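Student: Fold the following, please.
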Amino acid sequence: MPRSPEDFSVAAAVNDREILAACLERSPDIASGGVSLKIYEGYDSAARALNSGLDESAAPIVVFAHQDVYLPKGWLARLAAQIDLLEQDHPNWGVLGLYGRTLEGGEIGLVWSSGLGRVVGQGGFKPTQAETLDELVLVLRRASGLRFDEGIPGFHMYGTDIVMQGRVSGAPSFVVDAPAIHNSRPVRTLTGAYADAYRYMQRKWRKHLPIRNLSSDIVWHPVKLWKAQWNGVKLYKRNVVRPKRDAVEIAKTLKFE
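Tutor: Model (predicted):
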């Protein structure tokens, strides 16, 4: 069906205005005023911030983006085309992402990750059902009735949780081919707030474990989490010294726009 920019809104939880200005606010669809962006600061969890974005928007499709994401020129039109393609077979979709893990366990999507210093994945795929999604961009269909679980502490696992909600309620989630730049900083640790969110998911979804995740599969025994924490320390040490690059420059170099 034909879609207009008014069918979409963008919301972001923000704790660094400088990063926001260097990345998300420079996205052409946002900078031009073609789609509205609302930011949410001072929240103690991602779920509370993003639910505020959902409540304060009347758009049927809400895009939740990290502050350090750059959406290349033409991104909104590309997303709309992917949704039209998806709805030919799955009008009941719940959440879309740009990168994730499939039901078979493989990874799919196309994203530049500065945290990894490289392009992850490749394009040219049809919308593919996902078991989990990277939280850099989550696109929610309001009519699905899905909301973020405000019981999840901090800023981790909210994406995996809302995908699981959709799976059990008949609103499946998908990865779509809409490349973006994630100009992120390496994650320092998977202890603390991450571990708290992981344990919350263990309890909430115990009957559905294991759940494949991108950073650490969620299982009842803690060994998976321990391994992910150790690997995360090694990855952070390798990536923390990598210099930051300009998001627009990366998009042009990669021909994302």
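Student: distance of Leu86 from Lys255?
Tutor: For Leu86, the distance to Lys255 equals 24 Å [C-beta to C-beta, to the nearest Å]. C-beta: built from backbone N, CA, C; applies to glycine.
Student: no no, Phe155
Tutor: From Phe155 to Lys255 the distance is 32 Å (C-beta to C-beta).
Student: which residues in this protein form strands?
Tutor: For the chain, the strands defined by DSSP state E cover 8-14, 37-41, 61-65, 69-70, 95-97, 99-102, 107-113, 118-122, 128-133, 137-141, 174-175, 180-182.
Student: Identify the residues contacting the first one?
Tutor: What it means is strand 8-14. 20, 24, 30, 35-41, 43, 46, 49-50, 52-54, 56-59, 61-67, 76, 79-80, 155 (C-beta atoms under 8 Å, 6 or more residues apart in numbering).
Student: repeat that for 7 Å
Tutor: 20, 24, 30, 35-41, 43, 46, 49-50, 53, 57, 59, 61-67, 76 (C-beta atoms under 7 Å, 6 or more residues apart in numbering).
Student: can you count the residues close to the nearest residue to Trp220 once chain neighbours are set aside?
Tutor: Excluding the flanking residues, the one nearest Trp220 by C-beta to C-beta, 6 or more residues apart in numbering is Leu209, at 5.6 Å. Leu209 has 13 neighbours, counted by other C-beta atoms under 10 Å.
Student: now the end-to-end length of stretch 37-47.
Tutor: 17 Å (C-alpha to C-alpha, to the nearest Å).
Student: average model confidence for it?
Tutor: Averaging pLDDT along stretch 37-47 gives 97.
Student: cool, stretch 124-132 as well?
Tutor: 97.
Student: okay, that stretch in PDB with CA atoms only?
Tutor: Coordinates of the C-alpha atoms in stretch 124-132 are reproduced here as PDB (Å, rounded to 0.1, in the frame of the first residue of the first chain):
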ATOM      1  CA  GLY A 124      20.000  -8.500  -1.300                       C
ATOM      2  CA  PHE A 125      17.700 -10.700   0.900                       C
ATOM      3  CA  LYS A 126      14.000 -10.800   1.300                       C
ATOM      4  CA  PRO A 127      12.400 -10.000   4.700                       C
ATOM      5  CA  THR A 128      13.300 -12.900   6.900                       C
ATOM      6  CA  GLN A 129      11.700 -14.000  10.200                       C
ATOM      7  CA  ALA A 130      14.000 -13.500  13.200                       C
ATOM      8  CA  GLU A 131      14.300 -15.000  16.600                       C
ATOM      9  CA  THR A 132      16.100 -12.000  17.900                       C
END
